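Asker: just to be clear, the model below is a prediction. Sequence and coordinates:
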Amino acid sequence: MRPTDIVAALLIAALLVVGIAAPAAALQVGDKAPEFTLPATTAEKFSLSQFLGKSHVVLFGFIGAFTPT
């Protein structure tokens, strides 16, 4: 896995965690992910569109991650 793929996966995971707090439209299998921009730990900003056509982006999440039990 390339470093850009890892960064993209981490950014998308962060988006999913942030997205838990705000309601979003339901996505279906095969839908395109909505555009977003998130800050990295290096003060850079990454957008999903930066990776369009250049590398694969994996969206994943953990149910209940970072939530009180």
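Answerer: The structure has been received and is ready for your questions.

Asker: residues in contact with Asp5?
Answerer: Ser55, His56, Val57, Val58 (Cβ atoms under 8 Å, 6 or more residues apart in numbering). The C-beta positions use only the backbone N, C-alpha and C, and glycine is treated the same way.

Asker: wait, the first one touches Arg2, no?
Answerer: Yes: the pair Ser55 and Arg2 qualifies as a contact (Cβ atoms under 8 Å) at a distance of 6.5 Å.

Asker: so for the two, which residue has more residues nearby?
Answerer: More crowded of Ser55 and Arg2, by other Cβ atoms under 10 Å: Ser55, with 14 against 9.

Asker: by neighbour count, which of the contacts of Asp5 wins?
Answerer: Neighbour tally across those (other Cβ under 10 Å): the maximum, 17 neighbours, falls on Val57.

Asker: now that one: closest residue in space, sequence neighbours ignored.
Answerer: Closest residue in space to Val57, ignoring its immediate chain neighbours: Ala8 at 4.6 Å, by Cβ to Cβ, 6 or more residues apart in numbering.
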